[in-house]
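*Asks:* Predicted model, plus sequence, below.
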Amino acid sequence: MEFPIFQVPYLGNGMTIALNAVFHVVISHGISIGVMAMVVVSEYLGLKNPSEDWENFSKTLLKPTIIIVTGLGAVTGVGIWFITSALSPRGIGSLLRVFFWPWFIEWIVFTLEVIVLLTYYFTWGRWTGHRKRYHIYLGLSYVLFALASAFLITGILGFMLTSDGWPWDQSFWSAFFNPSFVPQFLLRIAGAFTLGTLFSVAFLLYTFQKDPFRKEALRFLSKIAFLSFFAVFVFSWWYFTVVPSAFKTDIIFSVLTSRFSQQPELFWYANVTGAAVFFLFALFGLRGSPTLLKILVVPTILISIGFVTEFERIREFIRGPYLMPGYMYANQVLLKENPFLDEKGALKGAYWYNETVSKPDVTHQGAYLFAQNCSVCHTIGGINDIRDRVRGRTEDGILVILKHAHEMVPFMPPCSGTEDERRVLATFFYQLSNKEIEIGAPSRFAPLKGFRKNE
(Lines give C-alpha, C1' and ligand atoms only; values in the text may rest on other atoms or scores of the structure.)
Protein backbone atom coordinates (compact mmCIF):
# COMPACT_ATOMS: atom_id res chain seq x y z
CA MET A 1 0.00 0.00 0.00
CA GLU A 2 1.29 3.44 -0.93
CA PHE A 3 0.65 6.23 1.56
CA PRO A 4 0.34 9.94 0.80
CA ILE A 5 3.29 12.12 1.80
CA PHE A 6 2.48 14.67 4.48
CA GLN A 7 4.80 17.52 5.36
CA VAL A 8 4.73 19.78 8.39
CA PRO A 9 5.44 23.30 7.08
CA TYR A 10 8.25 25.36 8.64
CA LEU A 11 8.79 23.00 11.60
CA GLY A 12 9.54 19.92 9.50
CA ASN A 13 8.61 16.26 9.89
CA GLY A 14 11.64 15.20 11.91
CA MET A 15 11.40 18.07 14.40
CA THR A 16 7.67 17.47 14.88
CA ILE A 17 8.27 13.83 15.80
CA ALA A 18 11.25 14.74 17.99
CA LEU A 19 9.51 17.41 20.07
CA ASN A 20 6.60 15.15 20.92
CA ALA A 21 8.88 12.17 21.59
CA VAL A 22 11.23 14.02 23.94
CA PHE A 23 8.32 15.51 25.88
CA HIS A 24 6.84 12.02 26.21
CA VAL A 25 10.15 10.50 27.34
CA VAL A 26 10.53 13.09 30.10
CA ILE A 27 7.04 12.22 31.37
CA SER A 28 7.10 8.45 30.81
CA HIS A 29 10.57 8.04 32.31
CA GLY A 30 11.06 10.92 34.71
CA ILE A 31 7.55 11.01 36.16
CA SER A 32 5.85 7.68 35.42
CA ILE A 33 8.89 5.71 36.62
CA GLY A 34 11.10 8.12 38.56
CA VAL A 35 8.64 10.24 40.52
CA MET A 36 6.23 7.36 41.12
CA ALA A 37 9.10 5.30 42.51
CA MET A 38 9.84 8.16 44.92
CA VAL A 39 6.14 8.27 45.90
CA VAL A 40 6.13 4.57 46.75
CA VAL A 41 9.47 4.76 48.59
CA SER A 42 8.23 7.76 50.60
CA GLU A 43 5.07 5.90 51.54
CA TYR A 44 7.17 2.94 52.64
CA LEU A 45 9.40 5.18 54.79
CA GLY A 46 6.29 6.70 56.35
CA LEU A 47 5.13 3.20 57.34
CA LYS A 48 8.53 1.96 58.46
CA ASN A 49 9.56 4.89 60.69
CA PRO A 50 6.54 5.63 61.24
CA SER A 51 6.45 9.24 60.01
CA GLU A 52 3.51 11.46 59.10
CA ASP A 53 5.90 13.76 57.24
CA TRP A 54 6.93 11.06 54.75
CA GLU A 55 3.31 9.96 54.43
CA ASN A 56 2.11 13.51 53.71
CA PHE A 57 4.95 14.16 51.28
CA SER A 58 4.13 10.98 49.38
CA LYS A 59 0.42 11.75 49.25
CA THR A 60 0.80 15.37 48.10
CA LEU A 61 3.44 14.42 45.50
CA LEU A 62 1.07 11.82 44.04
CA LYS A 63 -1.65 14.36 43.18
CA PRO A 64 0.18 16.35 40.45
CA THR A 65 1.95 13.18 39.31
CA ILE A 66 -1.25 11.33 38.48
CA ILE A 67 -2.58 14.34 36.55
CA ILE A 68 0.57 14.61 34.46
CA VAL A 69 0.87 10.85 33.82
CA THR A 70 -2.77 10.21 32.89
CA GLY A 71 -3.13 13.51 31.06
CA LEU A 72 0.01 14.71 29.31
CA GLY A 73 1.73 11.32 29.35
CA ALA A 74 -1.18 9.53 27.72
CA VAL A 75 -1.77 12.30 25.17
CA THR A 76 1.86 12.49 24.07
CA GLY A 77 2.03 8.69 23.93
CA VAL A 78 -0.93 8.59 21.57
CA GLY A 79 0.60 11.58 19.79
CA ILE A 80 3.66 9.52 18.90
CA TRP A 81 1.45 6.99 17.13
CA PHE A 82 -0.61 9.67 15.40
CA ILE A 83 2.38 11.71 14.20
CA THR A 84 4.55 8.80 13.08
CA SER A 85 1.62 7.11 11.34
CA ALA A 86 1.00 10.29 9.34
CA LEU A 87 4.60 11.32 8.65
CA SER A 88 6.35 7.92 8.50
CA PRO A 89 3.68 5.33 7.66
CA ARG A 90 5.93 2.87 5.87
CA GLY A 91 8.46 3.00 8.68
CA ILE A 92 5.97 2.43 11.48
CA GLY A 93 4.19 -0.23 9.39
CA SER A 94 7.42 -2.15 8.87
CA LEU A 95 8.29 -1.95 12.56
CA LEU A 96 4.82 -3.22 13.45
CA ARG A 97 5.34 -6.28 11.27
CA VAL A 98 8.55 -7.09 13.13
CA PHE A 99 7.41 -6.10 16.65
CA PHE A 100 3.68 -6.74 16.64
CA TRP A 101 3.65 -8.76 19.86
CA PRO A 102 5.86 -6.45 21.97
CA TRP A 103 3.72 -3.48 20.96
CA PHE A 104 0.50 -5.42 21.53
CA ILE A 105 1.67 -6.46 25.00
CA GLU A 106 2.83 -2.90 25.71
CA TRP A 107 -0.67 -1.57 25.00
CA ILE A 108 -2.06 -4.06 27.52
CA VAL A 109 0.63 -3.07 30.04
CA PHE A 110 -0.20 0.61 29.57
CA THR A 111 -3.88 -0.08 30.23
CA LEU A 112 -2.94 -1.94 33.41
CA GLU A 113 -0.69 0.98 34.41
CA VAL A 114 -3.62 3.39 34.26
CA ILE A 115 -5.96 1.03 36.16
CA VAL A 116 -3.39 0.38 38.91
CA LEU A 117 -2.43 4.05 39.18
CA LEU A 118 -6.03 5.20 39.58
CA THR A 119 -6.71 2.43 42.09
CA TYR A 120 -3.58 3.41 44.00
CA TYR A 121 -4.71 7.02 44.17
CA PHE A 122 -8.33 6.48 45.12
CA THR A 123 -7.56 3.87 47.79
CA TRP A 124 -5.10 6.14 49.58
CA GLY A 125 -6.16 6.46 53.22
CA ARG A 126 -8.64 3.59 52.95
CA TRP A 127 -6.10 0.82 53.37
CA THR A 128 -4.81 1.46 56.87
CA GLY A 129 -3.20 -0.59 59.60
CA HIS A 130 -1.93 -3.97 58.43
CA ARG A 131 -3.50 -3.32 54.99
CA LYS A 132 -1.19 -0.36 54.40
CA ARG A 133 1.56 -2.62 53.13
CA TYR A 134 -0.78 -3.93 50.43
CA HIS A 135 -1.28 -0.36 49.27
CA ILE A 136 2.49 -0.01 48.99
CA TYR A 137 2.61 -3.26 47.01
CA LEU A 138 -0.01 -1.77 44.67
CA GLY A 139 2.18 1.28 44.09
CA LEU A 140 5.19 -0.95 43.54
CA SER A 141 3.23 -2.97 40.96
CA TYR A 142 2.58 0.24 39.03
CA VAL A 143 6.31 1.01 38.94
CA LEU A 144 6.99 -2.53 37.74
CA PHE A 145 4.39 -2.14 34.96
CA ALA A 146 6.04 1.13 33.93
CA LEU A 147 9.43 -0.62 33.84
CA ALA A 148 7.89 -3.42 31.75
CA SER A 149 6.61 -0.84 29.29
CA ALA A 150 10.10 0.70 29.03
CA PHE A 151 11.55 -2.81 28.58
CA LEU A 152 9.27 -3.57 25.64
CA ILE A 153 9.80 -0.23 23.90
CA THR A 154 13.58 -0.24 24.38
CA GLY A 155 13.93 -3.40 22.33
CA ILE A 156 12.29 -1.63 19.39
CA LEU A 157 14.28 1.59 19.80
CA GLY A 158 17.53 -0.33 20.09
CA PHE A 159 16.75 -2.27 16.92
CA MET A 160 16.40 0.97 14.97
CA LEU A 161 20.10 1.70 15.60
CA THR A 162 21.70 -1.70 16.11
CA SER A 163 19.68 -4.13 14.02
CA ASP A 164 22.72 -6.45 13.96
CA GLY A 165 21.97 -9.57 11.86
CA TRP A 166 18.22 -9.06 11.45
CA PRO A 167 18.29 -7.94 7.78
CA TRP A 168 19.68 -11.38 6.95
CA ASP A 169 18.09 -13.79 9.41
CA GLN A 170 14.75 -11.89 9.87
CA SER A 171 14.51 -13.30 13.40
CA PHE A 172 12.36 -11.56 15.98
CA TRP A 173 14.68 -12.54 18.81
CA SER A 174 17.80 -11.12 17.17
CA ALA A 175 15.83 -7.96 16.40
CA PHE A 176 14.46 -7.41 19.90
CA PHE A 177 17.49 -8.52 21.91
CA ASN A 178 19.83 -6.46 19.77
CA PRO A 179 23.33 -5.40 20.94
CA SER A 180 22.22 -2.07 22.43
CA PHE A 181 19.10 -3.40 24.19
CA VAL A 182 20.53 -4.09 27.67
CA PRO A 183 22.73 -0.98 28.06
CA GLN A 184 20.00 1.28 26.67
CA PHE A 185 17.37 -0.18 29.00
CA LEU A 186 19.62 0.30 32.03
CA LEU A 187 20.52 3.81 30.84
CA ARG A 188 16.86 4.76 30.54
CA ILE A 189 16.09 3.44 34.03
CA ALA A 190 19.03 5.35 35.52
CA GLY A 191 17.89 8.48 33.69
CA ALA A 192 14.34 7.96 34.95
CA PHE A 193 15.48 7.85 38.57
CA THR A 194 17.69 10.89 38.01
CA LEU A 195 14.80 12.94 36.67
CA GLY A 196 12.42 11.50 39.25
CA THR A 197 14.57 12.58 42.17
CA LEU A 198 15.08 16.06 40.69
CA PHE A 199 11.34 16.60 40.23
CA SER A 200 10.72 15.28 43.75
CA VAL A 201 13.35 17.61 45.24
CA ALA A 202 11.83 20.58 43.43
CA PHE A 203 8.40 19.65 44.79
CA LEU A 204 9.85 19.26 48.28
CA LEU A 205 11.66 22.61 48.21
CA TYR A 206 8.68 24.64 47.10
CA THR A 207 5.91 22.96 49.10
CA PHE A 208 7.26 21.69 52.45
CA GLN A 209 8.59 24.18 55.00
CA LYS A 210 9.38 21.93 58.00
CA ASP A 211 13.15 22.11 58.21
CA PRO A 212 13.92 18.86 60.08
CA PHE A 213 11.97 16.73 57.63
CA ARG A 214 13.01 18.76 54.59
CA LYS A 215 16.71 18.29 55.36
CA GLU A 216 16.21 14.58 55.98
CA ALA A 217 14.31 14.16 52.71
CA LEU A 218 16.83 16.24 50.77
CA ARG A 219 19.71 14.07 51.94
CA PHE A 220 17.83 10.88 51.08
CA LEU A 221 16.73 12.03 47.62
CA SER A 222 20.17 13.51 46.84
CA LYS A 223 21.80 10.14 47.53
CA ILE A 224 19.51 8.51 44.99
CA ALA A 225 20.12 11.35 42.51
CA PHE A 226 23.90 11.04 42.87
CA LEU A 227 23.93 7.26 42.44
CA SER A 228 21.50 7.31 39.51
CA PHE A 229 23.43 10.06 37.71
CA PHE A 230 26.66 8.10 38.20
CA ALA A 231 24.85 5.07 36.72
CA VAL A 232 23.86 7.24 33.73
CA PHE A 233 27.56 7.83 32.99
CA VAL A 234 28.42 4.14 33.30
CA PHE A 235 25.56 2.91 31.12
CA SER A 236 26.11 5.70 28.58
CA TRP A 237 29.69 4.52 28.17
CA TRP A 238 28.50 0.91 27.80
CA TYR A 239 25.80 1.92 25.32
CA PHE A 240 28.14 3.77 22.99
CA THR A 241 30.68 0.92 23.03
CA VAL A 242 28.13 -1.30 21.23
CA VAL A 243 27.09 1.36 18.69
CA PRO A 244 28.76 0.66 15.31
CA SER A 245 31.83 2.81 14.66
CA ALA A 246 30.36 4.11 11.40
CA PHE A 247 27.50 5.66 13.37
CA LYS A 248 29.62 7.02 16.22
CA THR A 249 31.55 9.30 13.88
CA ASP A 250 28.49 11.54 13.59
CA ILE A 251 27.80 11.97 17.33
CA ILE A 252 29.30 15.43 17.78
CA PHE A 253 27.91 16.66 14.46
CA SER A 254 24.43 15.47 15.43
CA VAL A 255 24.45 17.79 18.45
CA LEU A 256 26.34 20.80 17.07
CA THR A 257 24.88 20.54 13.55
CA SER A 258 26.68 22.15 10.63
CA ARG A 259 26.52 25.60 12.27
CA PHE A 260 28.94 24.70 15.10
CA SER A 261 30.46 21.47 13.79
CA GLN A 262 33.86 23.15 13.30
CA GLN A 263 34.03 23.82 17.03
CA PRO A 264 33.79 20.31 18.55
CA GLU A 265 35.12 21.57 21.88
CA LEU A 266 31.71 23.16 22.47
CA PHE A 267 30.22 19.68 22.78
CA TRP A 268 32.58 18.75 25.59
CA TYR A 269 32.38 22.12 27.33
CA ALA A 270 28.57 21.94 27.46
CA ASN A 271 28.42 18.34 28.67
CA VAL A 272 31.15 18.70 31.31
CA THR A 273 29.56 21.92 32.58
CA GLY A 274 26.17 20.24 32.79
CA ALA A 275 27.62 17.29 34.71
CA ALA A 276 29.45 19.65 37.08
CA VAL A 277 26.25 21.55 37.85
CA PHE A 278 24.47 18.30 38.61
CA PHE A 279 27.17 17.03 40.96
CA LEU A 280 27.23 20.43 42.67
CA PHE A 281 23.49 20.11 43.16
CA ALA A 282 23.88 16.61 44.61
CA LEU A 283 26.63 17.82 46.94
CA PHE A 284 24.47 20.60 48.38
CA GLY A 285 21.61 18.12 48.64
CA LEU A 286 23.72 15.72 50.68
CA ARG A 287 24.51 18.60 53.03
CA GLY A 288 20.81 19.45 53.29
CA SER A 289 21.18 23.05 52.07
CA PRO A 290 17.68 24.09 50.92
CA THR A 291 18.61 27.71 50.09
CA LEU A 292 21.34 26.78 47.62
CA LEU A 293 19.26 23.96 46.19
CA LYS A 294 16.41 26.35 45.44
CA ILE A 295 18.82 28.28 43.24
CA LEU A 296 20.20 25.18 41.52
CA VAL A 297 17.18 22.90 41.19
CA VAL A 298 15.56 24.54 38.16
CA PRO A 299 18.83 24.85 36.14
CA THR A 300 19.69 21.25 37.06
CA ILE A 301 16.29 20.00 35.87
CA LEU A 302 16.70 21.91 32.59
CA ILE A 303 20.21 20.49 32.14
CA SER A 304 18.92 16.97 32.79
CA ILE A 305 16.15 17.43 30.23
CA GLY A 306 18.85 18.74 27.90
CA PHE A 307 20.81 15.51 28.41
CA VAL A 308 17.67 13.51 27.56
CA THR A 309 17.16 15.61 24.42
CA GLU A 310 20.81 15.21 23.47
CA PHE A 311 20.68 11.43 23.83
CA GLU A 312 17.48 11.11 21.80
CA ARG A 313 18.88 13.44 19.14
CA ILE A 314 22.10 11.43 18.89
CA ARG A 315 20.27 8.09 18.80
CA GLU A 316 17.95 9.23 16.03
CA PHE A 317 20.55 11.12 13.98
CA ILE A 318 23.52 8.80 13.87
CA ARG A 319 21.58 5.89 12.40
CA GLY A 320 21.24 7.92 9.21
CA PRO A 321 20.86 7.25 6.37
CA TYR A 322 18.63 4.47 7.72
CA LEU A 323 15.31 4.22 9.47
CA MET A 324 15.91 0.49 9.84
CA PRO A 325 19.60 -0.28 9.16
CA GLY A 326 20.12 -2.70 6.33
CA TYR A 327 16.45 -2.59 5.32
CA MET A 328 14.92 0.90 4.95
CA TYR A 329 16.36 4.34 4.34
CA ALA A 330 15.30 7.35 6.42
CA ASN A 331 13.05 8.55 3.59
CA GLN A 332 11.12 5.23 3.80
CA VAL A 333 12.59 3.83 0.58
CA LEU A 334 13.62 0.19 0.95
CA LEU A 335 17.23 -0.58 0.12
CA LYS A 336 16.11 -3.17 -2.41
CA GLU A 337 13.70 -0.67 -4.00
CA ASN A 338 16.32 1.95 -4.77
CA PRO A 339 17.84 0.25 -7.89
CA PHE A 340 14.31 -0.20 -9.29
CA LEU A 341 13.44 3.47 -8.73
CA ASP A 342 16.72 4.53 -10.33
CA GLU A 343 15.89 2.47 -13.41
CA LYS A 344 12.13 2.90 -13.76
CA GLY A 345 11.62 6.23 -12.04
CA ALA A 346 9.94 7.46 -8.86
CA LEU A 347 7.12 9.42 -10.48
CA LYS A 348 5.77 6.81 -12.85
CA GLY A 349 4.49 4.50 -10.13
CA ALA A 350 3.65 7.19 -7.55
CA TYR A 351 -0.10 6.74 -7.05
CA TRP A 352 -0.82 9.94 -5.11
CA TYR A 353 1.22 12.06 -7.48
CA ASN A 354 -0.51 10.73 -10.58
CA GLU A 355 -3.95 10.97 -8.95
CA THR A 356 -3.59 14.60 -7.88
CA VAL A 357 -1.61 16.17 -10.72
CA SER A 358 -3.41 16.37 -14.04
CA LYS A 359 -0.88 18.50 -15.93
CA PRO A 360 2.55 17.82 -14.46
CA ASP A 361 5.34 20.37 -14.87
CA VAL A 362 8.79 20.83 -13.40
CA THR A 363 7.38 22.54 -10.32
CA HIS A 364 4.99 19.74 -9.39
CA GLN A 365 7.43 17.00 -10.32
CA GLY A 366 10.22 18.63 -8.33
CA ALA A 367 7.93 19.23 -5.37
CA TYR A 368 6.96 15.55 -5.23
CA LEU A 369 10.55 14.35 -5.65
CA PHE A 370 11.58 16.69 -2.83
CA ALA A 371 8.77 15.34 -0.63
CA GLN A 372 9.78 11.73 -1.26
CA ASN A 373 13.54 12.10 -1.00
CA CYS A 374 14.24 15.04 1.29
CA SER A 375 11.25 16.10 3.42
CA VAL A 376 12.08 13.71 6.26
CA CYS A 377 14.87 16.13 7.25
CA HIS A 378 14.48 19.28 5.16
CA THR A 379 11.78 21.91 4.74
CA ILE A 380 11.14 24.69 2.27
CA GLY A 381 11.24 27.95 4.16
CA GLY A 382 11.54 26.45 7.64
CA ILE A 383 13.97 24.51 9.82
CA ASN A 384 16.87 23.03 7.83
CA ASP A 385 15.67 24.89 4.75
CA ILE A 386 16.74 23.10 1.57
CA ARG A 387 17.22 26.47 -0.12
CA ASP A 388 20.11 27.25 2.24
CA ARG A 389 21.83 24.05 1.11
CA VAL A 390 21.70 24.85 -2.60
CA ARG A 391 21.82 28.65 -2.64
CA GLY A 392 24.60 30.04 -4.84
CA ARG A 393 25.06 26.82 -6.82
CA THR A 394 24.45 26.27 -10.50
CA GLU A 395 21.82 23.85 -11.72
CA ASP A 396 24.51 21.43 -12.88
CA GLY A 397 26.26 21.74 -9.54
CA ILE A 398 23.05 20.82 -7.73
CA LEU A 399 22.60 17.86 -10.05
CA VAL A 400 26.07 16.54 -9.19
CA ILE A 401 25.26 16.86 -5.47
CA LEU A 402 22.02 14.92 -5.93
CA LYS A 403 23.92 12.13 -7.66
CA HIS A 404 26.56 11.83 -4.96
CA ALA A 405 24.93 13.22 -1.79
CA HIS A 406 24.97 9.84 -0.03
CA GLU A 407 28.70 9.52 -0.79
CA MET A 408 29.54 13.07 0.28
CA VAL A 409 27.36 13.04 3.41
CA PRO A 410 27.19 9.52 4.90
CA PHE A 411 24.02 10.17 6.96
CA MET A 412 21.99 11.13 3.87
CA PRO A 413 20.09 8.46 1.88
CA PRO A 414 20.63 8.31 -1.88
CA CYS A 415 18.36 10.39 -4.08
CA SER A 416 15.94 7.90 -5.68
CA GLY A 417 14.89 8.39 -9.29
CA THR A 418 16.13 8.32 -12.83
CA GLU A 419 18.73 10.71 -14.23
CA ASP A 420 15.95 12.81 -15.77
CA GLU A 421 14.11 12.99 -12.44
CA ARG A 422 17.25 14.13 -10.65
CA ARG A 423 17.60 16.81 -13.33
CA VAL A 424 14.01 17.89 -12.63
CA LEU A 425 14.74 18.06 -8.91
CA ALA A 426 17.93 20.05 -9.54
CA THR A 427 15.95 22.52 -11.67
CA PHE A 428 13.32 22.78 -8.93
CA PHE A 429 15.95 23.51 -6.27
CA TYR A 430 17.69 26.04 -8.51
CA GLN A 431 14.43 27.88 -9.13
CA LEU A 432 13.63 27.86 -5.41
CA SER A 433 17.02 29.22 -4.41
CA ASN A 434 16.80 31.97 -7.03
CA LYS A 435 13.20 32.85 -6.13
CA GLU A 436 11.85 31.85 -9.52
CA ILE A 437 9.37 29.81 -7.48
CA GLU A 438 7.94 31.13 -4.21
CA ILE A 439 5.97 29.46 -1.47
CA GLY A 440 2.38 30.59 -1.47
CA ALA A 441 0.89 28.52 1.39
CA PRO A 442 1.70 25.51 3.58
CA SER A 443 1.88 22.38 1.49
CA ARG A 444 -0.15 19.20 1.74
CA PHE A 445 0.28 15.73 0.39
CA ALA A 446 3.32 16.09 -1.73
CA PRO A 447 3.58 19.27 -1.62
CA LEU A 448 1.32 19.67 -4.67
CA LYS A 449 -0.07 23.04 -3.73
CA GLY A 450 1.37 26.24 -2.43
CA PHE A 451 3.82 27.18 -5.18
CA ARG A 452 3.64 29.88 -7.78
CA LYS A 453 6.02 30.85 -10.51
CA ASN A 454 7.30 34.39 -10.77
CA GLU A 455 6.76 35.75 -14.22
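*Replies:* Structure received. Predicted model only: the values in this text are computed from it and were never measured.
*Asks:* where along the stretch 351-455 of the chain do the strands fall?
*Replies:* For the stretch 351-455 of the chain, the strands defined by DSSP state E, counting those that start in this stretch occupy 437-439, 451-453.
*Asks:* per-residue confidence averaged over the last one?
*Replies:* On average, the pLDDT along strand 451-453 is 46.
*Asks:* And for the first one?
*Replies:* Confidence over strand 437-439 (mean pLDDT, whole number) is 70.
*Asks:* what do you get for stretch 344-359?
*Replies:* Averaging pLDDT along stretch 344-359 yields 83.
*Asks:* Likewise for stretch 106-125?
*Replies:* Across stretch 106-125, the average pLDDT comes to 94.
*Asks:* which residues touch that stretch?
*Replies:* The contact list for stretch 106-125 (C-beta atoms under 8 Å, 6 or more residues apart in numbering) reads 32, 36, 59, 62, 66, 69-70, 74, 77, 135, 138-139, 141-142, 145-146, 148-149, 152-153. From N, CA and C alone the C-beta is placed, and that goes for glycine too.
*Asks:* Now intersect these with the strands, please.
*Replies:* Taking DSSP state E, every one of those sits outside strands.
*Asks:* which of those count as buried?
*Replies:* Applying a neighbour-count criterion of 16 or more other C-beta atoms under 10 Å, the buried members of those are 32, 36, 59, 62, 66, 69-70, 74, 77, 135, 138-139, 141-142, 145-146, 148-149, 152-153.
*Asks:* from the middle of its chain, how far away would the lengthiest helix in the chain be?
*Replies:* Longest among the helix segments of the chain by residue count, using DSSP state H, is helix 211-242. Here the centre of mass of C-alpha atoms in helix 211-242, compared against the chain's by C-alpha atoms, centre = their mean, to the nearest Å, lies 22 Å away.
*Asks:* same check, this time on stretch 235-254
*Replies:* Relative to the chain's own centre, stretch 235-254 is displaced by 16 Å; criterion: C-alpha atoms, centre = their mean.
*Asks:* Next: stretch 299-316.
*Replies:* Stretch 299-316 has its C-alpha centroid displaced from the chain centroid by 10 Å (C-alpha atoms, centre = their mean).
*Asks:* just stretch 89-109 next, same as before
*Replies:* The chain centre lies 17 Å from the centre of stretch 89-109; the measure is C-alpha atoms, centre = their mean.
*Asks:* Likewise for stretch 297-314?
*Replies:* With C-alpha atoms, centre = their mean as the basis, the mean position of stretch 297-314 lies at 12 Å from the chain mean.
*Asks:* do stretch 313-328 as well
*Replies:* For stretch 313-328, the separation from the chain centroid amounts to 13 Å (computed by C-alpha atoms, centre = their mean).
*Asks:* Next, the buried residues of it.
*Replies:* 313-325, 327-328.
*Asks:* Low-confidence bits of the stretch 351-455 of the chain, can you list those?
*Replies:* Along the stretch 351-455 of the chain, the model assigns pLDDT under 70 to residues 439-455.
*Asks:* returning to what we had before: next structured bit after the longest helix of the chain?
*Replies:* Note on helix 211-242: by DSSP states H and E, the next helix or strand toward the C-terminus is helix 245-248.
*Asks:* List the buried residues for the helix or strand just after that next one?
*Replies:* With elements assigned by DSSP H and E, the helix or strand that comes after helix 245-248 is helix 251-260. Within helix 251-260, the residues that qualify as buried are 251, 252, 253, 254, 255, 256, counting by 16+ other C-beta under 10 Å.
*Asks:* Same question for stretch 12-31.
*Replies:* Judged by neighbour count using 16+ other C-beta under 10 Å, the buried positions of stretch 12-31 are 12-18, 20-31.
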